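Visitor: Need a 3D model of the sequence below.
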Amino acid sequence: MAQFKTRFSIQNHWQKRVRSAHFDLRVLDPDRRILWSWAFPKARFPEEGERLLAIRTPDHRLSYMYFRGSLKNGDKVTIFDRGDCRVILLSHNLVIIYFHGKEIIGTFNFIRLVKTKDAWLVTRSKKHQIQ
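Guide: As a prediction, the model looks like this:
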């Protein structure tokens, strides 16, 4: 698949039940119909040279893109970052995305762990903007 430009948001999701937070990454798909979603249990993105776990979650409706507020179960959701992104590579086991937001700028590699469906290893390749 060729590269494509799209949008993203990162939500900080504080869970009342477990009294902890995680990040939810939302990326608008190329057809602009759904949001691809990953949860980052550590509530942050990796620095250069660091690897973090991300869990692929079911695709979400577009209305989740910039949602903030309280959920029925008492959880709180705020927007941590949002902006433009470019999907550079998209395959079954590897997704490379360049993010350009206010907080997150750089190229990130999402590598699906072998023999798993939803666990992905995320690394940061560069802090600088790609051309």
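Visitor: my guess is residue 92 meets residue 111, correct?
Guide: No: using Cβ atoms under 8 Å, residue 92 makes no contact with residue 111, being 11.2 Å away. All C-beta atoms are positioned from the backbone trio N, CA, C, and that covers glycine.
Visitor: Can you pick out the residue with more neighbours from those two?
Guide: A count of neighbours by other Cβ atoms under 10 Å puts residue 111 above the other of residue 92 and residue 111, at 16 against 6.
Visitor: any idea which residue sits dead centre in the protein?
Guide: The geometric centre of the chain, computed from its C-alpha atoms, lies nearest to residue 25 (Cα atoms, centre = their mean), at 2.7 Å.
Visitor: Name the strands paired with the helix or strand harbouring that residue and say parallel or antiparallel.
Guide: Using DSSP states H and E, residue 25 maps to strand 20-28. Partner strands and pairing direction for strand 20-28 (DSSP bridges) are strand 4-15 (antiparallel), strand 34-40 (antiparallel).
Visitor: and of those strands, who's closest to residue 70?
Guide: In terms of Cβ to Cβ, the element of those nearest to residue 70 is strand 4-15, at 9.9 Å.
Visitor: what's the spacing between the closest one and its chain's center?
Guide: In terms of Cα atoms, centre = their mean, to the nearest Å, the centre of strand 4-15 is set 6 Å apart from its chain centre.
Visitor: mind listing what's buried in it?
Guide: Using 16 or more other Cβ atoms under 10 Å as the test for burial, strand 4-15 gives 6, 7, 8, 9, 10, 11, 12, 13, 14.
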